[in-house]
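Participant: pasted the sequence and its predicted model underneath.
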Amino acid sequence: KAGVTQTPRYLIKTRGQQVTLSCSPISGHRSVSWYQQTPGQGLQFLFEYFSETQRNKGNFPGRFSGRQFSNSRSEMNVSTLELGDSALYLCASRPSGGLHNEQFFGPGTRLTVL
Amino acid sequence: QKEVEQDPGPLSVPEGAIVSLNCTYSNSAFQYFMWYRQYSRKGPELLMYTYSSGNKEDGRFTAQVDKSSKYISLFIRDSQPSDSATYLCAMSAIRSSNYKLTFGKGTLLTVNP
């Protein structure tokens, strides 16, 4: 099976712009979570989607949003970018059944805000 | 106080050494404990998975959980240069429909040939 894929892998934006990142989960996985990874804060949970519904949300401002499509692919959007949004954004998918909360991560999208 | 604390290192050891990596946590609701390995420019990959207290061994890797002390460890025996990576501990509570993982900041390990 192909792993979790994320596009684009690298992105450079300027302050005030908005950005959309895409994630395709492993085939058959219906749960997709997003995490932000920075040197200062480590990996922090953004939100989780299951069957096109947001089930959980982390402690991030409303500028961070996401959605999930019927084929389980997910997008996250960051509006009005700030310098502090520069980070590696990771997507993870989780199978139904199996080990509780076993998540498989993609390679991430490296976002740089100038 | 952060929910999960992990010494960021860096940790540098010679090939063949035994490596010990540790995390402490404060949330007593955590029941699932994981170790992820992250190579440079890659996403984290699940290395070890443990439920509640106890030990789990997989090849050269041993994970230990001591819930009474809120302390988890990962031991790597006969370390290899290919083990050089960042090791992240992660934890999860049992809550219906809540699959959030809480991570430590990661420990950067270098194994020198």
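Facilitator: That came through, no problem.
Participant: burial of residue 51, as a residue count?
Facilitator: I went with chain A, as the question did not name one. 10 (other CB atoms under 10 Å in any protein chain shown). Glycine gets a C-beta too; all of them are placed from N, C-alpha and C.
Participant: if you could check chain B rather than the one you did, that'd help
Facilitator: Residue B:51 has 14 neighbouring residues, counting by other CB under 10 Å.
Participant: for residue B:89, name its beta-bridge partners.
Facilitator: Beta-bridge partners of residue B:89, counted by DSSP bridges, are residue B:35.
Participant: tell me, how many residues neighbour it?
Facilitator: Residues lying near residue B:89 (other CB under 10 Å) number 27.
Participant: for it, what are its contacts?
Facilitator: Going by CB atoms under 8 Å, 6 or more residues apart in numbering or on different chains, residue B:89 touches B:4, B:6, B:21, B:23, B:33-36, B:72, B:74, B:103-104.
Participant: pretty sure residue A:84 sits in a helix.
Facilitator: Yes: under DSSP: H, G, I helix; E, B strand; the rest coil, residue A:84 falls within a helix.
Participant: ok so, going back, just the contacts of residue B:89: which are in strands?
Facilitator: B:4, B:6, B:21, B:23, B:33-36, B:72, B:74, B:103 (DSSP state E).
Participant: possible to save those residues as CSV with pLDDT and neighbour count?
Facilitator: Putting the ones in strands among the contacts of residue B:89 into CSV (pLDDT from 0 to 100; neighbours: other CB atoms under 10 Å in any protein chain shown) gives the following:
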residue, pLDDT, neighbour count
B:4, 95, 22
B:6, 95, 21
B:21, 97, 22
B:23, 97, 26
B:33, 94, 26
B:34, 95, 24
B:35, 97, 24
B:36, 97, 24
B:72, 96, 28
B:74, 97, 23
B:103, 96, 23
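Participant: closest one of those to chain A?
Facilitator: residue B:103 (4.0 Å; CB to the nearest CB).
Participant: so that closest one sits right up against residue A:38, yeah?
Facilitator: No: taking contacts as CB atoms under 8 Å, residue B:103 lies outside contact range of residue A:38: 11.7 Å.
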